[in-house]
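**Q** next comes the sequence, and after it the predicted model I'd like to discuss.
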Amino acid sequence: MLLLLASASALAGPHTAMVGFTVPQDIAGIGREAAVHGAVVQRCFQRARFCVLEFPGAPALSGFPGLQGVRYAEPDQRIDLGQQGDWPDASGTADCSDLWDLEFIGAEEAWEIADGTDGPVVAIADSGFLQSHEELTDKVSGQWDYGDGDSYANLEWSAGVPAHGTFIGAIIAGVGDNGAGRSGVAPGAQLNLLKIADSDGALYYSYAASALADVADGDLGIRSVNYSIASSSYTTSFRDAVLALADVDVVLVAAAGNCSSAHCSDADNDRYPLYPSSFSYDHVISVAGATTDGGRNSYSHYGASSVDLAAPGVSICSAGVDSDDDYYSAAGTSYAAPMVAATVSLLLEAHPDLTMLELARVLRASAIRDSEWTGKVRSGGVLSAIGALQTAVPRLDPPDDSVVVDEDATLRVSMENPGAVGDAAVLFAHGDGVAVDAATTSWHGAWTVEPYAPGDTVSLPDVGDVVMTGSGSVLRGELDAHASVDLYIDLSGVARGVHAGSLRLVVSSEGADYLNAPYDEGDDDETGYLAFPVELDVVAVAPLDSGTDGGADSGGTDGGTDGDTDDGADSGGADGGTDGSTGDGGTDGGTTDGGATDSGGGDDGGKGDDDEAPKGGCATAPLTGGLFLTLLAVAGRRRR
């Protein structure tokens with residue numbers, strides 16, 4: 001088995017323990033208690049908030065839980081291993097004659113946009129590395145051996161799969177123009193090597209947790225960590241180290257796991273979680289293994305809510321360790337994960353302002369859909385490096401809570417796109433209280449305005465064609481790459497009163513059919529997606545245009561919209577209900593709100609039941625004040 005798979009029955013480390021603290025001031029007390037037992041505080045990590053202690057014998061931990069600020073004290077545990085320009089040519093070399101994986105993910109097209117040269121460093125936490133291999137020449141920007149406590153992350157022959165880390169390193173950043181072996185997915189990228197095995201080939205959680213916590217504490221230019229190791233359990237310190245990565249916007253790309261036989265009974269990570277891939281944190285990206293045609297490898301683990309996407313994971317040719325020019329082919333989710341980690345580097349070179357959450361969303365939204373992955377991974381598909389680079393990423397700021405419309409008003413909607421160019425649509429539900437006269441930006445001038453009424457069909461990239469039950473407008477325009485745009489929506493009052501409205505943004509692009517905003521805040525609108533609420537307070541309605549009443553009134557262009565009482569003086573009496581006076585009555589079309597029901601889709605259901613950092617479903621609180629009637633045919637729709 002090529003994934004480093006940890007058994008459930010871990011053995012305690014003989015002399016090491018981890019003690020969690022609340023604030024740095026607590027470390028002094030931990031040190032005093034350790035000294036009582038002859039222990040030494042090896043190192044403390046500020047963001048992960050734990051210290052590693054070395055005892056002369058078995059760790060004596062009974063006194064620590066009572067200390068001020070101590071969150072936990074735990075013995076170390078062993079991770080027992082089981083089975084285990086001139087763009088680079090993706091067509092292969094004599095050493096690796098079929099680099100199908102690069103072709104499948106669109107690597108050559110992606111390299112025309114980014115090749116990793118100016119992207120962030122990719123870290124690899126693994127059992128050891130043959131740094132003299134020709135594919136890793138001049139590729140290492142930093143390293144540390146957490147098992148042996150020195151500065152050289154060497155190859156460890158006693159580890160379960162000695163070539164594991166070297167193989168992964170070449171998949172990520174193998175030299176692309178040396179005429180040998182393979183090109184990495186990010187051939188220009190630099191690597192930071194985190195060796196988490198000791199000279200006996202043993203892996204302990206203290207090593208792994210320290211490596212990840214070090215990344216979180218350091219300023220090493222790292223934005224993604226590849227972790228092709230899995231376990232059915234974890235320590236508290238390891239979990240804290242994983243969480244600390246989120247504090248510095250670092251993505252952890254983790255292998256989903258492999259079966260020891262085809263279609264094994266415990267392959268569903270939703271039911272039988274493996275860590276860290278099954279952590280429900282937004283910055284943890286779990287990767288399954290795909291076959292050469294994009295289908296599901298029968299040996300790969302999966303999970304409809306706990307695994308994000310698949311990547312090529314069979315017949316992968318990469319660097320071996322028998323010599324500096326050794327190559328061989330292998331399979332496993334261990335080798336699917338680094339393709340995603342490398343793509344993160346490409347993404348951040350092309351679009352450097354993407355957050356860790358947006359990186360995960362882009363990778364899922366741009367995945368190549370395949371029916372064999374439907375219901376098996378959150379994205380329903382397989383990695384597309386070129387698709388990811390061509391994906392637009394919407395950001396939408398919450399609008400003002402309330403907008404006063406005194407005959408007219410302008411509503412400003414602030415948007416951003418840190419990704420590729422895209423086509424944007426703003427769904428503005430505003431009911432019958434206002435009308436949208438125009439929508440303009442400083443970038444591309446006017447956007448199109450498409451008003452809709454109850455019963456009208458609206459077409460949007462995320463919901464397709466949907467029959468609307470309320471009134472509003474769809475505003476459409478282009479969002480440039482890396483743009484910040486203010487959209488100014490000119491409103492005119494139609495009916496006095498306070499009217500509930502909402503706004504949401506959806507963007508389509510060459511790389512993905514849609515991404516929408518907001519993502520994890522707001523309320524469900526009638527299409528089943530999250531939207532920001534906005535209150536429209538119409539204090540005076542706009543005058544009607546001259547001639548609107550067919551010339552029947554003698555009051556010039558005022559018609560029936562002045563502030564007088566309706567005394568019948570104008571013959572345009574049919575307009576009476578829309579004037580700003582005593583006759584506006586029930587013209588607010590939002591008074592029949594039936595509430596919105598939850599689509600059940602949410603963010604593809606989140607990642608498991610871990611509620612420490614939920615990936616979340618859509619908020620289900622119905623909008624109040626009356627515009628959103630009945631949720632219509634939204635079952636199965638998903639935010640991305």
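**A** Arrived safely.

**Q** run through the strands of the stretch 151-300 of the chain in chain order.
**A** Ranges of strands in the stretch 151-300 of the chain, per DSSP state E, counting those that start in this stretch, are 191-195, 203-204, 222-227, 229-231, 251-255, 284-290.

**Q** how far away is the residue nearest to residue 481 when sequence neighbours are not counted from residue 441?
**A** Ranked by C-beta to C-beta, 6 or more residues apart in numbering and with sequence neighbours excluded, the top spatial neighbour of residue 481 is residue 421, at 4.7 Å. (Glycine included, C-beta is placed from N, CA and C.) Residue 421 is 14 Å from residue 441, where distance means C-beta to C-beta, to the nearest Å.

**Q** same deal with residue 103?
**A** Distance, residue 103 to residue 441, by C-beta to C-beta: 39 Å.

**Q** also residue 359?
**A** In terms of C-beta to C-beta, residue 359 sits 27 Å off from residue 441.

**Q** hang on, the earlier thing: higher neighbour count, residue 103 and residue 441?
**A** More crowded of residue 103 and residue 441, by other C-beta atoms under 10 Å: residue 441, with 20 against 16.

**Q** mind listing what the more buried one touches?
**A** By C-beta atoms under 8 Å, 6 or more residues apart in numbering, the contact list for residue 441 reads 447, 477, 485-488.

**Q** over to residue 292?
**A** Residue 292 touches 100, 104, 312, 314-315, counting by C-beta under 8 Å, 6+ apart.

**Q** closest one to residue 383 among the strands of the stretch 151-300 of the chain?
**A** Closest approach to residue 383 among the strands of the stretch 151-300 of the chain is made by strand 284-290 (7.8 Å; C-beta to C-beta).

**Q** now what about the helix or strand just after the closest one, what contacts it?
**A** Downstream of strand 284-290, the first helix or strand assigned by DSSP states H and E is strand 309-312. With C-beta under 8 Å, 6+ apart as the test, strand 309-312 has contacts from 100-101, 104-105, 285, 287-290, 292, 296, 300, 335-337, 339-340, 363-364, 367, 373, 377-379, 381-383.

**Q** just the buried residues out of those residues, in ChimeraX syntax.
**A** Typed into ChimeraX, the line below selects the buried ones among these, using 16 or more other C-beta atoms under 10 Å:
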select :100,101,104,105,285,287,288,289,290,296,300,335,336,337,339,340,363,364,367,373,377,378,379,381,382,383
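
**Q** nearest residue to the most centrally placed residue in the chain in space, please, no chain neighbours.
**A** With distances taken as C-alpha atoms, centre = their mean, the residue of the chain nearest its centroid is residue 360 (2.8 Å). Nearest residue to residue 360, sequence neighbours excluded (C-beta to C-beta, 6+ apart): residue 285, at 5.4 Å.

**Q** could you give the bridge partners of that neighbour?
**A** residue 253 (DSSP bridges).

**Q** that one against residue 308, yeah?
**A** Yes: between residue 285 and residue 308 a contact is recorded at 5.0 Å, counting by C-beta atoms under 8 Å.

**Q** report the set of residues contacting both of these two.
**A** With C-beta under 8 Å, 6+ apart, residue 285 and residue 308 have common neighbours 360, 363.

**Q** which residues of this protein score low on pLDDT?
**A** The model of the chain has pLDDT under 70 over residues 1-13, 80-92, 545-640.

**Q** at which residues are the helices of it located?
**A** Using DSSP state H, the helices of the chain run over residues 27-36, 100-104, 107-111, 164-173, 205-217, 236-247, 333-350, 356-365, 385-389.

**Q** using PDB, write out every CA atom in the last one.
**A** In this case it means helix 385-389. Taking Å, rounded to 0.1, in the frame of the first residue of the first chain, the C-alpha atoms of helix 385-389 are listed here in PDB:
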ATOM      1  CA  ALA A 385      -5.100  22.400 -13.200                       C
ATOM      2  CA  ILE A 386      -5.900  24.600 -16.200                       C
ATOM      3  CA  GLY A 387      -9.600  24.800 -15.100                       C
ATOM      4  CA  ALA A 388      -8.600  26.000 -11.700                       C
ATOM      5  CA  LEU A 389      -6.400  28.800 -13.100                       C
END
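
**Q** so which elements touch it?
**A** Using 3 or more C-beta pairs under 8 Å, 6 or more residues apart in numbering; DSSP states H and E, the elements in contact with helix 385-389 are helix 107-111, helix 333-350.

**Q** for the last one, the distance to its chain's centre please.
**A** Averaging C-alpha positions (C-alpha atoms, centre = their mean, to the nearest Å) puts helix 333-350 14 Å from its chain's average.

**Q** between that helix and strand 222-227, how big is the angle?
**A** Helix 333-350 and strand 222-227 are oriented at 170 degrees to each other (axes from the mean of the first three to the mean of the last three C-alpha atoms, to 10 degrees).

**Q** what angle separates helix 333-350 from helix 356-365?
**A** Going by the same axes, to 10 degrees, helix 333-350 makes 120 degrees with helix 356-365.

**Q** what packs against helix 333-350?
**A** Secondary-structure packing of helix 333-350 (3+ C-beta pairs under 8 Å, 6+ apart): strand 121-126, helix 164-173, strand 222-227, strand 251-255, strand 284-290, strand 309-312, helix 356-365, helix 385-389.

**Q** so for residue 114, which of these sits nearest?
**A** Taking C-beta to C-beta, helix 385-389 is the member of the helices and strands packed on helix 333-350 nearest to residue 114, at 6.5 Å.

**Q** ok so, going back, out of the helices and strands packed on helix 333-350, which gets nearest to residue 57?
**A** Using C-beta to C-beta, the helices and strands packed on helix 333-350 put strand 121-126 closest to residue 57, at 28.8 Å.
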